[in-house]
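> Requesting a structural model of the entry that follows:
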Amino acid sequence: MSDTPDVSIQQTSTLSRLRLTWTAAIAGFILLIWILLAVVGPWIAPHGEAEIISPQTFAPIGEGGILGTDKLGRDVLSRLIYGVRTTLSLALITTIITFVFGVALGFAAAILKGGFDIVVSRIVEAFMAFPSTMLALVVIGAFGTSQTVLVLTVGLVMSTSVFRVSRALGYDIGVMDFVEAARARGEGTWWILTREILPNCMAPLIAEFGLRFTFSILFLSGLSFLGLGVQEPAADWGLMVQENVGGLFLGSSAALIPAACIASLTVSMNLLVDWFQQRQQGETVLEKIDE
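Model (predicted):
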């Protein structure tokens, strides 16, 4: 009788992992579809990115186009397909910039410590005192709305969070025995960082990359909705919501469809990150049991 609760808990845990795995598989499939559309989209889109195909604006689904038309009579489906490339590419570039600055400064602060750590940490805290959206609006308003300014601004704004994560990881791992042994052997700072600290930080950093990528999509889409992101005639999902929001009063779905696409992309990415974190936690538990 005493074994029954343990068996029940184990079965519940197994079912939970199976559900999470199947959910992650579906999320990965959705994400794969969007990636494929980003690669081959321009060749399969029915019309051009800015081509006006109908004199009727906000045409309903099935009239003028498979998904209708927008405020200028452009094909919603074509702009949606072109927009996935813009949305994914800008989010990916932004996330890479975020990690280049955040991880580099975070690990440098954790290893060098002292005055460098204090100065950099205070600067990061000063930037974090401002709302991220407001800070981005100020910078983009001052330097323009080009895509270069957009990705650099958002990347630098989001790098503050990555800095804190990587700095904490660097501090935690930097005091472990194998790192101290490497220092005692006379290994240099770069060797310790690349051979000892960074490999042991990969799992949490990969999870953080997924979360930052999701946040980049939402951040960039929000800026486009405010008119400070991607500019017409380029297609972007956030811009499509902003330019077609007036069609909601006419019964048009031209703004709802890109909003649903943003939701599907971000939710899928979050589910994959959850699955990855759960898997890492499970492997950690198994390692402790083996020990």
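
> okay, CA-based contacts and neighbour counts for the rest of this
Noted.

> Break down the protein into its helices, ranges please.
3-44, 76-112, 114-128, 132-143, 147-174, 177-184, 189-192, 202-225, 237-244, 256-290 (DSSP state H).

> Between those helices, which one is closest to Glu63.
helix 76-112 (11.1 Å; C-alpha to C-alpha).

> residues of that closest one that come out buried?
By neighbour count on 16 or more other C-alpha atoms under 10 Å, the buried set for helix 76-112 is 76-88, 90-92, 94-103, 105-111.

> Now do the same contact list for Pro233.
Glu49, Ala50 (C-alpha atoms under 8 Å, 6 or more residues apart in numbering).

> What distance do you get for the most centrally placed residue in the chain to Gly102?
Taking C-alpha atoms, centre = their mean, the centroid of the chain lies closest to Phe213, which sits 1.2 Å from it. With distances taken as C-alpha to C-alpha, to the nearest Å, Phe213 is found 14 Å from Gly102.

> before we move on, what about Gly170?
12 Å.

> isn't Phe99 right up against Ser159?
Yes - using C-alpha atoms under 8 Å, Phe99 is in contact with Ser159, at 6.4 Å.

> Near the closest residue to Thr23 other than its chain neighbours, how many other residues are there?
In this structure, Thr23 finds its nearest non-sequential neighbour in Leu271, 7.2 Å apart by C-alpha to C-alpha, 6 or more residues apart in numbering. Leu271: 20 surrounding residues under other C-alpha atoms under 10 Å.

> again with Val230
By other C-alpha under 10 Å, neighbour count at Val230 equals 24.

> and it, backbone torsions?
With angles defined as degrees, to the nearest 10, Val230 sits at phi -60, psi 140.

> What's the local residue count around the residue nearest to it when sequence neighbours are not counted?
Residue nearest to Val230 in three dimensions, not counting chain neighbours: Ser224, with 5.6 Å by C-alpha to C-alpha, 6+ apart. Neighbours of Ser224 under the rule other C-alpha under 10 Å: 23.
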